[in-house]
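Participant: Any chance you can model this:
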Amino acid sequence: MVTIKDLAKEAGVSLGTVSNVLNGKNGVSLDKIEKVQRAIDKLGYQRNIQAVNLKRGISNKIAIILPNIIEMKYSYLYENLNLNFQEDNFILELYLSYNKKEKEREIIKRIKEENYLFVISDSCVDNAKEYGNLLEKCLFIYRNIDGGKNIIRFDYTSVIDHYIQHWVREDIKQGIIIKDEFADFSQEDYVYLMTKAIQENIKLEFIEQHKNSHLLAFELAQLENHSMLFTTSFETAKLIHNAYYFSNKPFPKIYTFYRNNFNNDTRFRLYGLDYGYISKKILAYIRKENTAIEPFHFSFLDFLPQNRDQNKNNTIKILAVNTPSIDALKKLVPHFTKLTNIQVHIDTCTFADIPNELGKNTQKNQYDMVRIDMESLPYFAQSYLLPLDFLTIETLEAHFSASIIQKFCQFQQKIYAVPFDPSIQMLFYRKDIFEDAKIKRLFYEKYNKELTLPTNFEQFNLLLHFFQSGVVDYPEIKKGSALIIDDEGTLASEFFVRYYAIFPSIFKNGNILFNRKAVEESLSQLKTLYENAIRLEKSWWKDEAELFEQGEIPLLLVYMNHFSSISNHNSLYPVGFTSVPNQRPLLGGGSLAILKQTQNQTACEWFISWFLQHIIQEQYSQLGGVSARNDLMDNQSITQSLPWLALAKQTKFYGIRENVLGDQAVHLRQIEAIIGKAVKDYLLKDRSEVATAEFIQQQIDLL
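Facilitator: I've put the predicted structure just below:
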């Protein structure tokens, strides 16, 4: 094994120098950093984090004891924990008990001989006392265990209620409940299930597994015909289905749990269970995060049946700006058509053309729905949009934060739209560059400061200067960031995020009044960006995102919905993300609304109801759409690809877009057009900050 002594000898430097380089400390010359890195590459050195922590007297190892790794809930849990623990520099070590008490006792004995920070266990022993002095470190999961101090499991009350309601709708009068060896229903859960079934005149027979699951499945298939079987285990459900395949009995309805992801498996009636809830609770406990975490189960996949013949030849036409979310929706609308026989056509135009198209639609009645940018929602609501009286505020509150509902749905206490692709600005950066010891040293030598992520725009501009002429060892980098120089809408956004970092509002005493000093400082900061960025013309946010993906810029301040097409897994370079400097981002994205002129109101309402369903929202997010549903921003399969969603949820989608003054709508699009034109002239015609600030306020006063 290569040691730091070997590195020091190969590099011709001291042990202290090697240690400082490995720990990312300042004070090491660029020449010595390069020598150490060449030695690391040549000798194939891998740092032993465990040994480092042992030397410090702490452990970074976490043990997890599971009955197997095949069951969905276990594989899903292990994958999620392992991914998160790697980011936290924890080592997750897996032990399999195969649900055998003696095997688990052997594992406990082995774990006691090691130094583990925590022990996570789905235990099959009778009492937690068997863990002895490990008990304080233990987190028991899924199943109840006597004597356990820290237990994380589901409250199945609401799940059982859903099942009973579903069986009543399906007119199921009797069935078999299988208590297999991996079931984590408590005795109280089974009693509650029986009680609710009796109340609805449903006769349930409970069968407890005493043999292996395979044999149990075949024995069940030899029993008299049953209309329904229920098992909590997806693996057991598959065995039961196979057993009936080899029997001469008709297939019963087989009910089981599945994770919160769509799976069109017609063999079973699947109930989406929020398996991610268990891992989130574990992570919060270990990270000492005092956050409220509630499960959100997808439940059954039930789309409301519609009269397809009645809807024949019916078409919904939607007007939209082309975004990754619209591309995702286009891939899903065939499903809506399959369900309802209603065709859906989506026409796209530029952001600037939306107001003109809405105006023309009052005469031509060409469109039924619109994807409208959220900053225009209040202003256009009463003129063009139909109130969504079929939706209640309670329906929205069940899935979206208060800030999302306020900014993307409501105006003057009426619901006019639903969230389509809500977004906030974020700062995306190349993690590999900001973690590179050589780059850190270069920055330190140049500015006598540590290389850190910017918390204000002065620091952001310093980074732009640093990256201006490229970076050693990163030939793909052309500039520090990018700027679209001929689009007034994007220039206005670049201005406002800097303005709000300096001054809190554009309103004063009931009027639109910009702070002159803040305007001038914002313009000056934009000039720095202009001088140190790749300048784009006839482009949009997605073009900036593509430059970042190609590695040509290490920093990009952009609305996250335009970044969603870049998967964290598929990007060529490791993606980092953080709040914008000064933490006052702009809100962006849009809403989905019904136009007043539509002759297809019912079909449009069906479309919105379909779009809001959790299965559709989950698929929409997987395809690159942006959903602000609280449960989806915690969905493991989504956040692994789009981890910045967690930051959006953490901030509760906090952002600024001042489009309402009192209870009156502000024509913010018009204000942004004035700002965008002024900034464009300032940058391209070399006007002064003072003259530009005066021009802006003069134009605002004319509104």
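
Participant: From now on I want contacts and neighbour counts done on CA atoms only, so please keep to that.
Facilitator: Fine.

Participant: ok, residues contacting stretch 357-367?
Facilitator: Applying CA atoms under 8 Å, 6 or more residues apart in numbering, the contact partners of stretch 357-367 are 316, 317, 318, 319, 384, 595, 597, 598.

Participant: Kindly indicate which of the residues you listed lies nearest residue 31.
Facilitator: The shortest approach to residue 31 among the contacts of stretch 357-367 belongs to residue 319, at 58.4 Å (CA to CA).

Participant: pLDDT score assigned to the closest one?
Facilitator: Listed pLDDT for residue 319 reads 98.

Participant: try residue 54
Facilitator: 48.

Participant: For the chain, which helix or strand comes out least confident on mean pLDDT?
Facilitator: helix 49-56 (a mean of 50; mean pLDDT, DSSP states H and E).

Participant: next SSE after it?
Facilitator: Scanning forward in sequence from helix 49-56 by DSSP states H and E, the next helix or strand is strand 61-66.

Participant: tell me which element residue 638 is part of?
Facilitator: helix 636-639.

Participant: Test my guess that residue 468 contacts residue 529.
Facilitator: No. Residue 468 is beyond contact range of residue 529, at 10.2 Å (criterion: CA atoms under 8 Å).

Participant: Can you tell me what sits against the helix holding residue 638?
Facilitator: 80, 276, 621, 622, 632, 633, 645, 646.

Participant: what do you get if the cut-off is 7 Å, keeping everything else the same?
Facilitator: If you take CA atoms under 7 Å, 6 or more residues apart in numbering as the criterion, helix 636-639 is touched by 276, 622, 633, 645.

Participant: So, low pLDDT: which residues of the stretch 101-250 of the chain?
Facilitator: Scanning the stretch 101-250 of the chain for pLDDT under 70 picks out 210-211.

Participant: need the strands for it, in chain order.
Facilitator: 118-121, 138-141, 151-152, 174-179, 203-208, 228-231 (DSSP state E, counting those that start in this stretch).

Participant: What strands flank the third one, and is each parallel or antiparallel?
Facilitator: The sheet places strand 151-152 alongside strand 138-141 (parallel), with pairing taken from DSSP bridges.

Participant: hmm, which two among the contacts of stretch 357-367 are most spread apart?
Facilitator: Greatest spatial distance among the contacts of stretch 357-367 (CA to CA): 316 and 384, at 16.7 Å.

Participant: Packing partners of whichever strand or helix holds residue 425?
Facilitator: Here residue 425 sits within strand 423-430, counting by DSSP H and E. Counting contacts by 3 or more CA pairs under 7 Å, 6 or more residues apart in numbering; DSSP states H and E, strand 423-430 packs against strand 555-559, strand 575-578, strand 587-588.

Participant: can you put these in TSV and add mean neighbour count and mean pLDDT?
Facilitator: Listed next are the helices and strands packed on strand 423-430 as TSV, based on neighbours: other CA atoms under 10 Å; pLDDT from 0 to 100:
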stretch	mean neighbour count	mean pLDDT
strand 555-559	24	96
strand 575-578	19	94
strand 587-588	24	96
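
Participant: want to try JSON lines for the ones you listed, with distance to residue 534 as columns?
Facilitator: Putting those into JSON lines (distance: least, CA to CA, whole Å) gives the following:
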{"stretch": "strand 555-559", "distance to residue 534": "11"}
{"stretch": "strand 575-578", "distance to residue 534": "19"}
{"stretch": "strand 587-588", "distance to residue 534": "23"}
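
Participant: Identify the residue nearest residue 677 in space, chain neighbours excluded?
Facilitator: Distances taken as CA to CA, 6 or more residues apart in numbering put residue 488 closest to residue 677, at 5.6 Å, once the chain neighbours are dropped.

Participant: Let me know how buried that neighbour is, in neighbour terms.
Facilitator: 20 (other CA atoms under 10 Å).

Participant: Surely it and residue 676 touch.
Facilitator: Yes. Using CA atoms under 7 Å, residue 488 is in contact with residue 676, at 3.9 Å.

Participant: Buried ones in stretch 131-146, by neighbour count?
Facilitator: 131, 134, 135, 137, 138, 139, 140, 141, 142, 143, 144, 145 (16 or more other CA atoms under 10 Å).

Participant: quick one, what contacts the fourth one?
Facilitator: Neighbour list for residue 137: 117, 118, 119 [criterion: CA under 7 Å, 6+ apart].

Participant: any idea which of those has the most stuff around it?
Facilitator: That'd be residue 119 among the contacts of residue 137, by other CA under 10 Å, with 22 neighbours.

Participant: now that one, which residues is it bridged with?
Facilitator: residue 63, residue 138.

Participant: before we move on, what about residue 256?
Facilitator: residue 270.

Participant: Distance check, it against residue 235.
Facilitator: Using CA to CA, to the nearest Å, we find residue 256 at a distance of 9 Å from residue 235.

Participant: of these two, who's got more company?
Facilitator: residue 256 (21 against 15).

Participant: Is the more buried one in contact with residue 228, as I believe?
Facilitator: No. Counting by CA under 7 Å, residue 256 stays clear of residue 228, with 10.9 Å between them.

Participant: which stretches of the chain aren't confidently modelled?
Facilitator: For the chain (pLDDT under 70), the answer is 47-58, 210-211, 302-311, 565-570.

Participant: per-domain residue ranges of it.
Facilitator: 4-47, 56-152, 157-300, 315-422+589-629, 425-586+659-701 (automatic domain parsing).
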